[in-house]
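> Provided below are the primary sequence and the corresponding predicted coordinates.
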Amino acid sequence: MERKLLFSVTRDDFEIDTFTAGGKGGQHQNRSQTGIRLTHRASGATGEARDDRSQYHNKKNALLRLVASPKWKAWHRMEVARRLGLVAAAEEAVERQMNPSNLRVEVRTAKGWTRAEELI
């Protein structure tokens, strides 16, 4: 079976912030903008790295951390389901199940649980 690309995420989908890493490393680390914070706009997931003296390596590590975050994983699952049309099918099934003829309301009284229609 041939795989087909559903969607792609590009650099434009992210907000990229650079900052001085600070901490150990002395003057070089305090002067250069090697710390990276990536924020995926659609999901709100963030990844941050300041481990390396290289901005390139930190960008790579920040992206790996972002992709491992629960927010990103949830967004990815929902996006795949939406693109495959599974979300619409699930919403239709919920609408069918929430039909008033399918619902039963029970109320807890001193005697125990009773159907709401019996109290009226």
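That came in fine, so what should we check first?
> which residues does stretch 64-79 contact?
Outside stretch 64-79, the residues that touch it by CB atoms under 8 Å, 6 or more residues apart in numbering are 7, 38, 40, 42-49, 87. For every residue, glycine as well, the C-beta is placed using N, CA and C.
> can you give me the neighbour number for residue 35?
21 (other CB atoms under 10 Å).
> what pLDDT does it get?
With respect to pLDDT, residue 35 scores 90.
> and the gap between it and residue 78?
Note on residue 35: its distance to residue 78, by CB to CB, to the nearest Å, is 30 Å.
> ok, now residue 115?
Distance from residue 115 to residue 78, by CB to CB: 37 Å.
> got the residue ranges for the strands in the protein?
Along the chain, counting by DSSP state E, strands occupy 14-19, 35-40, 46-49, 106-109, 112-115.
> what helices or strands is the third one leaning on?
Counting contacts by 3 or more CB pairs under 8 Å, 6 or more residues apart in numbering; DSSP states H and E, strand 46-49 packs against strand 35-40, helix 55-67.
> can you say which of those is packed in most?
Stretch with highest mean neighbour count among the helices and strands packed on strand 46-49: strand 35-40 (a mean of 21; mean count of other CB atoms under 10 Å).
> contacts for that one next, please.
Contacts for strand 35-40 (CB under 8 Å, 6+ apart): 9, 13-22, 45-50, 55, 58-59, 61-63, 66, 72, 75.
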